[in-house]
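A.B. asks: Provided below for reference: sequence and predicted model.
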Amino acid sequence: MFATLSTRFKNFRIIGDVHGDINGFRHAVETDHFIIQLGDLVDYGPDSGAVMALMLQVQDEKRGIFLIGNHDRKLGLFLKGFRVRKDNILTRTLDQINQHPDKKLTDKILQALEKAPAWLIFKNFIFVHGGFHTRMLVEPPPANPLTPINALLSRTLYGETTNKTLANGYPIRRLNWVNHIPSGYTLYCGHDCRSTDGRPWIRKGYAGGTAVFMDTGAGKGGHLSWIDIPI
């Protein structure tokens, strides 16, 4: 996939969780860099339908790709007819998609989600939505991330959790996986909004690798962040 990128692009633009923030996303994709969006395009924000349509346009123009996030996968499972928890967040997302002028958008979204990679490796860069496992360095991502989940796919989508929950019902997350990123590697992920100053949050692991957390709260009262890195 990355073999011919350097002939057309000089940089990657790494974009964090969008969560329906169409205004921020429009600004983020206005670039001559190759876009890698880290998942969770949908839910929470004002127009997940427009965000998905724009991401599909970027992919059609062969100037970017998105990874599957846990919110994207939940949407895909619902569109395939699987039973998922249909809360107000998902209902709003479906309404936004159905209100989009492209009446074939739902089918296009499902097709794209079925092909979205769960992780990508390029040179000494690792791209994933939720969390890392060393198996990612030697195994390809599943051909279809909407197939039954296993431990490795769960790690990529949700990171690492404990058996305890917060007051809002969400699981408490740990970052032990950062310590297994090999020396020399930099991992870019979303999912976990650790930032306290509006900028991506950086953590060094015990093995020498680095994790960059790109979620800065877009669609949830924060803003969308991106970082440009050379190919």
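C.D. replies: It's in.
A.B. asks: Leaving out chain neighbours, which residue sits closest to the residue most central in space within the chain?
C.D. replies: Geometric centre of the chain, nearest residue: Gly39, 1.5 Å, by Cα atoms, centre = their mean. Nearest non-adjacent residue to Gly39, counting by Cβ to Cβ, 6 or more residues apart in numbering: Gly69, 2.6 Å away. Where you see a C-beta, it was placed from the backbone N, CA and C, and this is true even at glycine.
A.B. asks: Point out where this structure drops to low pLDDT.
C.D. replies: 1-4, 6, 163, 165-170 (pLDDT under 70).
A.B. asks: if I pick the residue nearest to the centre of the chain, what's in contact with it?
C.D. replies: 17, 66-72, 116, 129-130, 190-191 (Cβ atoms under 8 Å, 6 or more residues apart in numbering).
A.B. asks: would TSV of the residues you listed with distance to Asp87 and secondary structure be doable?
C.D. replies: Output for these, formatted as TSV (distance: Cβ to Cβ, whole Å; DSSP: H, G, I helix; E, B strand; the rest coil):
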residue	distance to Asp87	secondary structure
Asp17	18	coil
Phe66	23	strand
Leu67	23	coil
Ile68	20	coil
Gly69	16	coil
Asn70	14	helix
His71	11	helix
Asp72	16	helix
Ala116	22	coil
His129	20	coil
Gly130	20	coil
Gly190	20	coil
His191	18	coil
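A.B. asks: Throw those residues into TSV and include neighbour count, thanks.
C.D. replies: Formatted as TSV, those follow (neighbours: other Cβ atoms under 10 Å):
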residue	neighbour count
Asp17	34
Phe66	25
Leu67	27
Ile68	31
Gly69	32
Asn70	19
His71	26
Asp72	27
Ala116	24
His129	32
Gly130	28
Gly190	30
His191	25
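A.B. asks: Asp95: which of those residues is nearest?
C.D. replies: His71 (15.4 Å; Cβ to Cβ).
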